[in-house]
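>>> here is a sequence with its predicted model. Questions after.
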Amino acid sequence: MKKITNFRLLFFCAVALAIGIFVGSFVYTSFLLSILLPIALVAVGILLSCGTKKHSFWILFSVFALGIALFIIDVALNTPHDITSEVQVEGRVCEVNETSGTVLLENVTMDGVSIKGYFYGKCEGVETGDILRFYATPQVCRFEKESFSKYLFARNVSYRADIDEYTVEKGSLTLSESIRTRCKKAILPYAGEEETGVLLCLLFGDKSLLEGSVYQNASSAGISHIFAVSGLHVGFLIALLYWVFRKIRLNRYVSFGLILVFLVAYGFLTGFPAGMVRASVFFVLFSAAKIFGRKGDGLTCLGCSAFVILLCSPRQIFSIGFLMSFGAVGGILLYNRSLTAILSERIKVPVFRYFWNLVCVTVSANVFLLPLTISIFGSVSPYSVLSNLVVIPYIGILFPLLAVSAFLATCYSGFGILYVALKYPIFALNAFTKLMASLPYATVSVQSMGVASVGYILFFLCVSKLNLTRPAVKYSVSALLGIGTVLCLIFV
């Protein structure tokens, strides 16, 4: 069993939990299966543990059963009831997307009765913090196989409707909203709306001012991930803070504590997205291991991050941000070192070695992202590796400047004048993405891999360093999985 779990039980517990939640989405409609399947899995795990004297079996099977139970309980407790007549809806606007003309409402009441979750609607001309009142016949948002339903489910949206006529009352902003709004108002007069939209995305993941054409160009170029707060942004922030703390000669314990405070504050401002939480937990575990003289393990830290997030919110397994974030980092941890070793020793020039390392990071990150990208977006970006070679180092230089300037502008709006100069790097970024998106075959439509995506993922897991079985067994199984995947692509 240790050869299969590769001594990383926590990582495989996270995988078992994720698979359990996913399986739960198929069986939750059957009362009998919902009860019997988790019990049967626990029983099988106990029997295998008793027969083999390996505790890993009952732990993994129990976590698998826990995943199924978590999804079923989540749906049972949070499924909204149908509404067949018009009701008066009142809620506070907590998110505005000016590009799509949609809003997200919280603290929602219907005919004076509070509801769980959020309300999603199409509405224009409102701002964050506004109290919205209108009449509608809301549509219930249940978990369904359709992609948009999964998106709403992952966002904890209970109802949705088109909002035609409404009244608005100015409400108060939360502390995080006040900080983001103050930053936006300080930047906007100096940077312009298009550049401000990109700046807010890079800093906070706030897409309220991001123009649709800018995001589409970034998607075509394969760099739309820079517009979602993730490990990339957290890494840049940690690097900036470590550099400052080294300059003022703080010891590592104080530096660790202060960086943790900054990460919590940054998460508070950005709404704690999955990628940000994953990177923060990753950093805490790795840093704690060094402080206590232990060796940090990337896959264990990744598994712990996923386990914490899914345990707190099982429906995150259907979040695009969660899947893309963990898929990318998983690919990097499993394949980046092997790819880098191919040429790193032969490349003597440091600059060329750096770019080779960047190519390997990009390629390894896309190992598991490829089937997800095809399934979700129905297309691939052939130039994504080239685009990331340029954009990631560029953002690495730009992000610290933007972060420091945003902090100063939030403290005193007069510092917004700094963005008179900083808008030009953003303009250059937009010009580059537009150029890449205009190239021939910048976006290639691809049919969904369907069942073959499962074989694809299993193949790359089997050939990775996770699998410690004998080479003959390892590569025989990998060959069978590869052939099966190709046959599925051709005939299914």
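Perfect, thanks for sending it. Residues are numbered from 1 along each chain as shown.

>>> what ranges do the strands span in the stretch 51-200 of the chain?
Secondary structure of the stretch 51-200 of the chain by DSSP state E, counting those that start in this stretch: the strands cover 87-97, 102-110, 113-114, 118-122, 131-136, 139-140, 157-162, 166-169.

>>> TSV for these, including mean neighbour count?
Quick note: C-beta positions are derived from backbone N, CA and C, even for glycine. Formatted as TSV, the strands of the stretch 51-200 of the chain follow (neighbours: other C-beta atoms under 10 Å):
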stretch	mean neighbour count
strand 87-97	20
strand 102-110	19
strand 113-114	8
strand 118-122	22
strand 131-136	18
strand 139-140	12
strand 157-162	19
strand 166-169	13
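
>>> tell me where the stretch 51-200 of the chain has helices.
55-78, 147-154, 175-191, 193-204 (DSSP state H, counting those that start in this stretch).

>>> burial count for Phe148?
10 (other C-beta atoms under 10 Å).

>>> now do Ile46
14.

>>> just give the closest residue to Ala452, not the sequence neighbours.
Cys488 (3.7 Å; C-beta to C-beta, 6 or more residues apart in numbering).

>>> rewinding a little: Ile457: which of the strands of the stretch 51-200 of the chain is closest?
strand 157-162 (28.5 Å; C-beta to C-beta).

>>> elements contacting the closest one?
strand 102-110, strand 118-122, strand 139-140 (3 or more C-beta pairs under 8 Å, 6 or more residues apart in numbering; DSSP states H and E).

>>> who does that strand pair up with?
Strand 157-162 pairs in its sheet with strand 118-122 (parallel), strand 139-140 (antiparallel), by DSSP bridges.

>>> pick out the residue closest to the middle of the chain.
With distances taken as C-alpha atoms, centre = their mean, the residue of the chain nearest its centroid is Gly321 (2.5 Å).

>>> in three-state terms, label that one for me.
In three-state terms, and counting by DSSP: H, G, I helix; E, B strand; the rest coil, Gly321 is helix.

>>> can you offset everything so residue one is 41?
Sure thing, new numbering starts at 41, so read that last one as Gly361.

>>> model confidence for it, exactly?
Looking at Gly361, its pLDDT is 84.

>>> could you do Phe47 as well?
In this prediction, Phe47 carries a pLDDT score of 62.

>>> which stretches of the protein have low pLDDT?
In the predicted model, the chain carries pLDDT under 70 at residues 41-47, 532.

>>> chain center to stretch 304-312, what's the gap?
Mean C-alpha position of stretch 304-312 versus that of the full chain (C-alpha atoms, centre = their mean, to the nearest Å) differs by 14 Å.

>>> which one, of the strands of the stretch 91-240 of the chain, ends up nearest to Ala329?
Nearest of the strands of the stretch 91-240 of the chain to Ala329, taken as C-beta to C-beta: strand 127-137 at 36.6 Å.

>>> how big is the angle separating the closest one from strand 197-202?
Here strand 127-137 runs at an angle of 90 degrees relative to strand 197-202 (axes from the mean of the first three to the mean of the last three C-alpha atoms, to 10 degrees).

>>> what helices or strands is strand 127-137 leaning on?
Where contact means 3+ C-beta pairs under 8 Å, 6+ apart, strand 127-137 is packed against strand 142-150, strand 158-162, strand 171-176.

>>> include distance to Phe193 when you put those strands into CSV, please.
Formatted as CSV, the helices and strands packed on strand 127-137 follow (distance: least, C-beta to C-beta, whole Å):
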stretch, distance to Phe193
strand 142-150, 14
strand 158-162, 11
strand 171-176, 20
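
>>> of these, which is nearest Lys247?
Nearest of those to Lys247, taken as C-beta to C-beta: strand 142-150 at 10.8 Å.

>>> in its sheet, what does that closest one sit against?
When DSSP bridges is applied, strand 142-150 pairs with strand 127-137 (antiparallel), strand 153-154 (antiparallel), strand 158-162 (antiparallel).

>>> what sits against the residue nearest to the centre of the chain?
Applying C-beta atoms under 8 Å, 6 or more residues apart in numbering, we find Gly361 in contact with Ala268, Ser270, Pro313, Ala314, Gly315.

>>> now do 10 Å
Ala194, Gly245, His265, Ala268, Val269, Ser270, Pro313, Ala314, Gly315, Met316, Arg318 (C-beta atoms under 10 Å, 6 or more residues apart in numbering).

>>> just say helix, strand or coil for the fifth one.
Put plainly, it is Val269. coil.

>>> need the phi and psi values for it.
Val269 adopts backbone torsions of phi -60, psi 120, taken as degrees, to the nearest 10.

>>> could you do the fourth one as well?
Note on Ala268: its backbone torsions stand at phi -120, psi 130 [degrees, to the nearest 10].

>>> for it, give its distance to Phe362.
Distance, Ala268 to Phe362, by C-beta to C-beta, to the nearest Å: 11 Å.

>>> who has more neighbours out of these two?
Taking other C-beta under 10 Å, Ala268 and Phe362 do not tie; Phe362 has more neighbours (23 against 20).

>>> not counting its neighbours along the chain, what's nearest the more buried one?
In this structure, Phe362 finds its nearest non-sequential neighbour in Ala314, 4.0 Å apart by C-beta to C-beta, 6+ apart.

>>> what sits against the residue of the chain positioned farthest from its centre?
The C-alpha centroid of the chain is most remote from Gly91, which lies 39.8 Å away (C-alpha atoms, centre = their mean). Shown in contact with Gly91 (C-beta under 10 Å, 6+ apart): Phe97.

>>> against Trp98, how distant is it?
From Gly91 across to Trp98, the span is 11 Å (C-beta to C-beta).

>>> for Gly152, grab phi and psi.
Dihedral angles (degrees, to the nearest 10) for Gly152: phi 90, psi 0.

>>> nope, Gly418 is what I meant
Dihedral angles (degrees, to the nearest 10) for Gly418: phi 70, psi 20.

>>> against Ser259, how distant is it?
12 Å.

>>> can you check which residues contact both of the two?
Common neighbours of Gly418 and Ser259 (criterion: C-beta under 10 Å, 6+ apart): Thr483.

>>> higher neighbour count, the two?
Ser259 (21 against 12).

>>> pretty sure Val284 is touching Phe447, no?
No. With contacts counted by C-beta atoms under 10 Å, Val284 stays clear of Phe447, the gap being 11.9 Å.

>>> for Glu385, which of the strands of the stretch 91-240 of the chain is the nearest?
In terms of C-beta to C-beta, the element of these nearest to Glu385 is strand 127-137, at 48.2 Å.

>>> which residues are in contact with stretch 288-308?
214-216, 219, 243-244, 269, 273-274, 277-278, 280-282, 284-286, 312-313, 316-317, 319-321, 323-324, 327-328, 330-331, 443.

>>> what about 7 Å?
216, 274, 277-278, 281-282, 285, 316-317, 320, 324, 327, 331 (C-beta atoms under 7 Å, 6 or more residues apart in numbering).
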